[in-house]
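Participant: pasting a predicted model and its sequence here:
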Amino acid sequence: MDFIMLRGLWLVPVLFILLVACTPEANNQADNGPQLVLEVTIPPTEIRATRFLSPTPTVPATATFMRSTAELNSPLDNVTVDAQYVIVTPTLPPSKTPTVTPTHSPTPTITPTPSLTNTSTSTAFLLPTSIVIPITEPAADVANRVCDSTWGFIYPPPESCPLGAPVASQGVYQEFSNGYMVWVGSMDAIYVLFKDDAVRRWEVKRDFFDESNPSMAYLDAAPQSLGAGMWNPRRGFGLLWEQDAYIKNRIGGATQQWEQPFSVQVQTASDGTLFVTTPRGTVFGLMSGGISWDQFTGSLPPQAPTAAVQALPPPENAFPIFGGK
């Protein structure tokens, strides 16, 4: 209805303008008052709506409450239109936020690591060329080897170390045309050394002489001459010389008329060599196994020979230790 009233008010000015346009122009004659020229009657105009309004839908009580609440809480501070009506801005209900559907990530595929191809070429290290520097002074001697035990009677000392300290005991020494015999009291053994061959051999035998045995009394007698400056040996040497034909024929007769007693010392090297002193101030080096022997310079002074020596009696059931040729 407000809209229809506004349309009617709009037509009033239009009619006023038409009436003014139809009024005759004033002349120079005296105004004798209004004159009726034409009487025009405007029939009443029936204002019709240009469109049919649909009935206003009934608003539920809940909606009315919400609209009134929205009108009270309107954000508009000043009304910029005619106070005959109020523009109501409806508040839209909040839209429902859609729930995000979880997206399943695909299982990652393991990409195999490509094998590396070794394309490098091995390069040999270049070592510096050795430079020979001439020696202008003689080199110092190598220091002597330090051993647990020292050599007691050998000079110069052997290259090997001794297994222990030297052992001293009673001894007997006699020279033969083709060798030597040495009796070592600590071992009760007779060492026979042959020098008739290019390769020297040696043997060791047990001493079986028993001075208390009447059958051996002749061996304690004075030595007999064999001619050509040789004599037969006595006591333990004589018993071995008579009973072993191989030793007798190989070593020959004694070039000393009497055997010589002395204090003998023995010492064994780490390689098995046995060193035996002599009254001549020399040392016999008997290699292991009887394969060879040698004679070295000793550090002990020579001992003067005596007329005879009394040998110790042999033990019961004595037997040779070992022998070789």
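Facilitator: In hand now; what should we look at? Numbering: from 1, shown residues only.

Participant: which element follows the helix or strand of the chain with the lowest mean pLDDT toward the C-terminus?
Facilitator: For the chain, using mean pLDDT, DSSP states H and E, the weakest element among its helices and strands is helix 61-72, scoring a mean of 51. Next along the chain after helix 61-72, taking DSSP states H and E as the criterion, comes strand 167-176.

Participant: for that next one, the averaged confidence score.
Facilitator: Per-residue pLDDT over strand 167-176 has a mean of 96.

Participant: can you name every helix or strand that the following helix or strand past it contacts?
Facilitator: Note on strand 167-176: by DSSP H and E, the next helix or strand toward the C-terminus is strand 179-184. Judged by 3 or more Cβ pairs under 8 Å, 6 or more residues apart in numbering; DSSP states H and E, the packing partners of strand 179-184 are strand 167-176, strand 189-194, helix 235-243, helix 245-251, strand 260-268. C-beta here means a position set from N, CA and C on the backbone, and glycine is covered the same way.

Participant: can you put the ones you listed in TSV and add mean neighbour count and distance to Asp207?
Facilitator: As requested, the helices and strands packed on strand 179-184 are exported to TSV (neighbours: other Cβ atoms under 10 Å; distance: least, Cβ to Cβ, whole Å):
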stretch	mean neighbour count	distance to Asp207
strand 167-176	20	9
strand 189-194	22	5
helix 235-243	21	4
helix 245-251	16	13
strand 260-268	20	13
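
Participant: can you list these in JSON lines and add distance to Ile154?
Facilitator: As requested, these are exported to JSON lines (distance: least, Cβ to Cβ, whole Å):
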{"stretch": "strand 167-176", "distance to Ile154": "14"}
{"stretch": "strand 189-194", "distance to Ile154": "17"}
{"stretch": "helix 235-243", "distance to Ile154": "25"}
{"stretch": "helix 245-251", "distance to Ile154": "25"}
{"stretch": "strand 260-268", "distance to Ile154": "8"}
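
Participant: figure out which of those is closest to Ser292.
Facilitator: strand 189-194 (10.2 Å; Cβ to Cβ).

Participant: which strands and helices sit next to the closest one?
Facilitator: strand 179-184, strand 201-206, helix 235-243, helix 245-251, strand 282-286.
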